[in-house]
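>>> 3D, please:
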Amino acid sequence: MFSRALGEDAELRPLEPWQAAEFAAHVHRVRDALKPWIPFAYTVVDEESARAHLQVYADRQAADAGRIFGVYVAGVLRGGVIYRAFDAAQRVCEIGVWLEPEVRGRGLITRACRVLIDWAVDVRGMVRVEWRCDPRNEASIAVARRLGFTLEGTHRKAFHLAGEHRDVQVWAIVA
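Numbers count the residues shown, from 1 in each chain. Purely as a prediction, here's the structure:
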(Lines give C-alpha, C1' and ligand atoms only; values in the text may rest on other atoms or scores of the structure.)
Protein backbone atom coordinates (compact mmCIF):
# COMPACT_ATOMS: atom_id res chain seq x y z
CA MET A 1 0.00 0.00 0.00
CA PHE A 2 2.77 2.46 0.92
CA SER A 3 5.72 2.54 -1.43
CA ARG A 4 8.42 4.71 -2.94
CA ALA A 5 9.50 4.27 -6.57
CA LEU A 6 13.16 3.32 -7.08
CA GLY A 7 13.02 3.33 -10.87
CA GLU A 8 11.52 1.19 -13.58
CA ASP A 9 9.53 -1.68 -11.99
CA ALA A 10 11.24 -1.24 -8.58
CA GLU A 11 9.96 0.16 -5.31
CA LEU A 12 10.73 0.46 -1.62
CA ARG A 13 8.05 -0.75 0.82
CA PRO A 14 7.84 -1.38 4.56
CA LEU A 15 8.33 -5.00 5.66
CA GLU A 16 6.09 -6.11 8.52
CA PRO A 17 5.49 -9.34 10.46
CA TRP A 18 2.39 -10.22 8.44
CA GLN A 19 4.73 -10.63 5.44
CA ALA A 20 6.69 -13.44 7.13
CA ALA A 21 5.95 -16.08 4.47
CA GLU A 22 7.14 -13.77 1.70
CA PHE A 23 10.27 -12.83 3.67
CA ALA A 24 11.05 -16.48 4.47
CA ALA A 25 10.76 -17.41 0.78
CA HIS A 26 13.03 -14.51 -0.17
CA VAL A 27 15.69 -15.50 2.37
CA HIS A 28 15.51 -19.10 1.17
CA ARG A 29 16.17 -17.94 -2.44
CA VAL A 30 19.11 -15.71 -1.52
CA ARG A 31 20.55 -17.51 1.51
CA ASP A 32 23.84 -18.59 -0.10
CA ALA A 33 24.57 -15.06 -1.34
CA LEU A 34 23.81 -13.57 2.09
CA LYS A 35 25.64 -16.05 4.32
CA PRO A 36 29.08 -14.46 3.94
CA TRP A 37 27.78 -11.10 5.22
CA ILE A 38 24.30 -11.17 6.80
CA PRO A 39 23.49 -12.90 10.13
CA PHE A 40 19.79 -13.40 9.39
CA ALA A 41 20.76 -15.75 6.55
CA TYR A 42 21.48 -18.26 9.34
CA THR A 43 18.53 -17.53 11.61
CA VAL A 44 15.60 -16.97 9.23
CA VAL A 45 14.89 -20.54 8.20
CA ASP A 46 11.10 -20.74 8.07
CA GLU A 47 7.98 -18.60 8.39
CA GLU A 48 8.09 -18.58 12.20
CA SER A 49 11.69 -17.34 12.36
CA ALA A 50 10.96 -14.83 9.60
CA ARG A 51 8.02 -13.47 11.60
CA ALA A 52 10.23 -13.20 14.70
CA HIS A 53 12.89 -11.31 12.74
CA LEU A 54 10.35 -8.90 11.26
CA GLN A 55 8.75 -8.48 14.70
CA VAL A 56 12.08 -7.25 16.09
CA TYR A 57 11.95 -4.44 13.54
CA ALA A 58 8.26 -3.77 14.18
CA ASP A 59 9.13 -3.38 17.87
CA ARG A 60 12.07 -1.14 17.01
CA GLN A 61 9.80 0.96 14.81
CA ALA A 62 7.30 1.31 17.64
CA ALA A 63 10.15 2.42 19.92
CA ASP A 64 11.54 4.80 17.26
CA ALA A 65 14.72 2.71 17.22
CA GLY A 66 14.84 1.05 13.78
CA ARG A 67 12.87 -0.07 10.74
CA ILE A 68 13.03 -2.56 7.87
CA PHE A 69 12.01 -2.01 4.24
CA GLY A 70 11.84 -4.35 1.27
CA VAL A 71 13.19 -3.64 -2.19
CA TYR A 72 10.69 -5.03 -4.68
CA VAL A 73 11.31 -5.61 -8.38
CA ALA A 74 8.29 -6.42 -10.54
CA GLY A 75 6.31 -6.94 -7.34
CA VAL A 76 8.72 -9.53 -5.89
CA LEU A 77 10.78 -8.97 -2.73
CA ARG A 78 14.41 -8.98 -3.92
CA GLY A 79 16.31 -7.24 -1.10
CA GLY A 80 16.04 -4.68 1.62
CA VAL A 81 17.36 -1.74 3.57
CA ILE A 82 17.15 -1.22 7.30
CA TYR A 83 17.80 1.26 10.00
CA ARG A 84 19.78 -1.28 12.05
CA ALA A 85 19.96 1.35 14.76
CA PHE A 86 18.09 4.61 15.05
CA ASP A 87 18.85 6.77 18.08
CA ALA A 88 16.68 9.89 17.89
CA ALA A 89 18.08 11.31 21.13
CA GLN A 90 21.70 11.10 19.97
CA ARG A 91 20.63 11.81 16.35
CA VAL A 92 22.66 8.89 15.01
CA CYS A 93 21.48 5.97 12.89
CA GLU A 94 22.96 3.04 11.00
CA ILE A 95 21.81 1.69 7.65
CA GLY A 96 22.17 -1.92 6.51
CA VAL A 97 21.38 -3.49 3.12
CA TRP A 98 21.11 -6.71 1.12
CA LEU A 99 20.09 -7.56 -2.43
CA GLU A 100 19.64 -10.69 -4.54
CA PRO A 101 22.50 -11.11 -7.04
CA GLU A 102 20.12 -11.27 -10.01
CA VAL A 103 19.04 -7.64 -9.59
CA ARG A 104 22.38 -6.10 -8.60
CA GLY A 105 23.99 -3.44 -10.74
CA ARG A 106 20.81 -1.39 -11.26
CA GLY A 107 21.43 1.18 -8.52
CA LEU A 108 18.50 -0.07 -6.43
CA ILE A 109 20.38 -0.15 -3.13
CA THR A 110 21.99 3.23 -3.76
CA ARG A 111 18.59 4.81 -4.48
CA ALA A 112 16.91 3.06 -1.54
CA CYS A 113 19.68 4.21 0.82
CA ARG A 114 19.41 7.75 -0.49
CA VAL A 115 15.72 7.69 0.53
CA LEU A 116 16.63 6.51 4.05
CA ILE A 117 19.53 8.97 4.43
CA ASP A 118 17.50 11.95 3.19
CA TRP A 119 14.58 11.13 5.50
CA ALA A 120 16.85 10.55 8.50
CA VAL A 121 18.73 13.83 8.01
CA ASP A 122 16.06 16.12 6.54
CA VAL A 123 13.00 14.95 8.45
CA ARG A 124 14.35 13.42 11.67
CA GLY A 125 17.38 15.64 12.14
CA MET A 126 20.02 12.92 12.26
CA VAL A 127 23.52 14.37 12.33
CA ARG A 128 25.32 11.09 11.66
CA VAL A 129 24.41 8.13 9.46
CA GLU A 130 26.65 5.08 9.77
CA TRP A 131 27.41 2.18 7.43
CA ARG A 132 29.19 -0.87 8.81
CA CYS A 133 30.54 -3.75 6.77
CA ASP A 134 33.11 -6.49 6.57
CA PRO A 135 36.24 -5.10 4.84
CA ARG A 136 36.02 -8.04 2.40
CA ASN A 137 32.53 -7.03 1.24
CA GLU A 138 33.54 -5.08 -1.85
CA ALA A 139 29.95 -4.53 -3.03
CA SER A 140 28.97 -2.94 0.28
CA ILE A 141 32.05 -0.73 0.27
CA ALA A 142 31.27 0.39 -3.28
CA VAL A 143 27.76 1.48 -2.24
CA ALA A 144 29.12 3.36 0.78
CA ARG A 145 31.52 5.22 -1.49
CA ARG A 146 28.81 6.03 -4.07
CA LEU A 147 26.65 7.47 -1.30
CA GLY A 148 29.46 9.70 -0.09
CA PHE A 149 30.29 7.93 3.16
CA THR A 150 33.76 8.40 4.64
CA LEU A 151 35.71 5.45 6.00
CA GLU A 152 36.47 6.30 9.62
CA GLY A 153 38.21 3.15 10.72
CA THR A 154 38.08 -0.57 11.35
CA HIS A 155 36.97 -2.33 14.50
CA ARG A 156 39.11 -5.44 14.65
CA LYS A 157 37.37 -8.74 15.39
CA ALA A 158 34.20 -6.88 16.34
CA PHE A 159 31.64 -9.14 14.66
CA HIS A 160 31.07 -12.87 14.99
CA LEU A 161 29.55 -14.74 12.05
CA ALA A 162 29.79 -18.33 10.85
CA GLY A 163 32.24 -19.32 13.58
CA GLU A 164 34.66 -16.49 12.84
CA HIS A 165 35.44 -13.16 14.46
CA ARG A 166 35.51 -10.53 11.75
CA ASP A 167 36.65 -6.98 11.35
CA VAL A 168 34.05 -4.29 10.75
CA GLN A 169 34.67 -1.10 8.83
CA VAL A 170 32.81 1.98 10.06
CA TRP A 171 31.77 4.47 7.40
CA ALA A 172 29.74 7.62 8.09
CA ILE A 173 28.09 10.67 6.65
CA VAL A 174 27.70 13.65 8.93
CA ALA A 175 25.13 16.37 8.30
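
>>> could you pull out the strands for the chain?
Taking DSSP state E as the test, the strands found in the chain are 4-7, 10-14, 67-73, 76-87, 92-99, 128-133, 150-161, 164-174.

>>> for the ones you listed, could you give me TSV that also reports mean neighbour count?
(Glycine included, C-beta is placed from N, CA and C.) Supplementary listing: those in TSV, determined by neighbours: other C-beta atoms under 10 Å:
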stretch	mean neighbour count
strand 4-7	14
strand 10-14	19
strand 67-73	22
strand 76-87	21
strand 92-99	22
strand 128-133	21
strand 150-161	12
strand 164-174	16
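
>>> next, format these as a markdown table and append mean pLDDT.
Formatted as a markdown table, the entries for the strands of the chain read as follows, by pLDDT from 0 to 100:
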| stretch | mean pLDDT |
| --- | --- |
| strand 4-7 | 94 |
| strand 10-14 | 97 |
| strand 67-73 | 98 |
| strand 76-87 | 98 |
| strand 92-99 | 98 |
| strand 128-133 | 98 |
| strand 150-161 | 96 |
| strand 164-174 | 97 |
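
>>> include distance to C113 when you put those strands into CSV, please.
As requested, the strands of the chain are arranged in CSV below (distance: least, C-beta to C-beta, whole Å):
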stretch, distance to C113
strand 4-7, 10
strand 10-14, 10
strand 67-73, 10
strand 76-87, 6
strand 92-99, 6
strand 128-133, 8
strand 150-161, 15
strand 164-174, 10
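
>>> to P36, which of these lies closest?
Closest to P36 of the strands of the chain, according to C-beta to C-beta: strand 150-161, at 8.2 Å.

>>> by contact count, what packs against that closest one?
In terms of contact count using 3 or more C-beta pairs under 8 Å, 6 or more residues apart in numbering; DSSP states H and E, strand 150-161 is assigned the packing partners strand 164-174.

>>> the strand it packs on to strand 150-161, inter-axis angle?
In terms of direction (axes from the mean of the first three to the mean of the last three C-alpha atoms, to 10 degrees), strand 164-174 departs from strand 150-161 by 150 degrees.

>>> so what are the sheet partners of strand 164-174 and their directions?
Here strand 164-174 has these sheet partners by DSSP bridges: strand 128-133 (antiparallel), strand 150-161 (antiparallel).

>>> now those in CSV, with distance to D46?
As requested, the strands paired with strand 164-174 are arranged in CSV below (distance: least, C-beta to C-beta, whole Å):
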stretch, distance to D46
strand 128-133, 27
strand 150-161, 20
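
>>> so which of those strands is nearest A52?
So among these, strand 150-161 is nearest, using C-beta to C-beta, at 18.8 Å.
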